[in-house]
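In: here you go, sequence then predicted model.
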Amino acid sequence: MSVDKQRRLRRLDEVMAGRLVVSCQPVDDGPLDSHDVVSRFAMAAVMGGAGAVRIEGAARVAAVRPFISVPVIGIVKYDLDDSPVRITPFLDDVAALIAAGADIVAVDATARARPVPVADLLAAIHAGGAWAMADCSSSEDALAAHALGFDIVGTTLSGYTGGEVPQEPDYALISTLAATLPRVMAEGRIHTPEQVVQARQAGAWAVTVGTAITRTELVTQWFAEAMAPQA
Ligand SMILES: CC(=O)N[C@H](C=O)[C@@H](O)[C@H](O)[C@H](O)COP(=O)(O)O
């Protein structure tokens, strides 16, 4: 491993290992979907103990950046006609996220039809001086991403590449990955502190929570549905 790479990974471990990441992605087009609200979510998350935040959109990363000093994981999401890949499929967005102040850029690293090869996205992230996170759906994705040189692999896309979305986090994937890979981000459907504990026990290097903190409509719905008449 090159000295530069060793240095990069040491610094990444210093700032992120064992930390909670809050994904500040409100429901699209909902009342909380604004730069101002997301900046405030990010500040509140840091006050609550988050070690990093995950933000969608380069303009939004730029809006949030002045308010927080913790690492920002930047992504840009799409709904493409010719590819199921949603998370940061294009090189231009990698550059824009880094220019906006993202410290880490996350990309979909699944083996699905895509406009730009994962290796090219990775090269652009590292050329821009950022850390690279691979959003994966399976151990095959994650092992391939690690072999390519991604700094972090996440379970972000487990359960989201076809079929019914499971209820629970994918602890089995977290633990399979953690057995051989150094930086596993547990992400996806982690809604409670107890689930954070389980993800950590499964070997997660860091844990990302999104919906349970920043999608108030959905969290309210969980509680509202629990109000159904009791037998
Ligand atoms: C599958 C997909 O597109 N995941 C997205 C990735 O950025 C977000 O919609 C999630 O909110 C994020 O991964 C955090 O997960 P959760 O909101 O379940 O805590």
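Out: Nice, I can see it. Numbering: from 1, shown residues only.

In: can you pull out the strands in this protein?
Out: Here the chain has its strands, by DSSP state E, at 20-23, 52-56, 72-75, 104-108, 131-135, 152-154, 184-187, 206-209.

In: then the last one to CSV, C-alphas only?
Out: When you say that, I think you mean strand 206-209. In CSV, the C-alpha atoms belonging to strand 206-209 read as follows (Å, rounded to 0.1, in the frame of the first residue of the first chain):
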residue,chain,number,x,y,z
ALA,A,206,-19.6,3.0,11.4
VAL,A,207,-23.4,3.1,11.2
THR,A,208,-25.6,5.4,9.2
VAL,A,209,-29.1,6.3,10.2
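
In: ok so, going back, okay, the strands of the chain, which one's buried deepest?
Out: strand 184-187 (a mean of 30; mean count of other Cβ atoms under 10 Å). Using the backbone N, CA and C atoms, a C-beta is placed for each residue, glycine as well.

In: which strands and helices lie in contact with that one?
Out: Packing partners of strand 184-187 (3 or more Cβ pairs under 8 Å, 6 or more residues apart in numbering; DSSP states H and E): strand 20-23, strand 152-154, helix 171-180, strand 206-209.

In: how far off centre is it?
Out: Distance of strand 184-187 from the chain centroid (Cα atoms, centre = their mean, to the nearest Å) equals 8 Å.

In: so who does M43 touch?
Out: F67, I68 (Cβ atoms under 8 Å, 6 or more residues apart in numbering).

In: enumerate the residues of the protein near the ligand.
Out: Neighbours of the ligand within the chain, by Cβ under 6 Å from any ligand atom: 23, 25, 75, 86, 156-157, 160, 187-190, 208-211.

In: report the separation between the residue nearest to A58 when sequence neighbours are not counted and L218.
Out: The spatially closest residue to A58, leaving aside those adjacent along the chain, is A96, at 3.8 Å (Cβ to Cβ, 6 or more residues apart in numbering). According to Cβ to Cβ, to the nearest Å, A96 and L218 sit 28 Å apart.

In: more neighbours: those two, which one.
Out: Per other Cβ atoms under 10 Å, whichever of A96 and L218 has more neighbours is A96, with 19 against 15.

In: the more buried one contacts I75, doesn't it?
Out: No. Contact criterion Cβ atoms under 8 Å: A96 and I75 do not qualify, at 11.4 Å.
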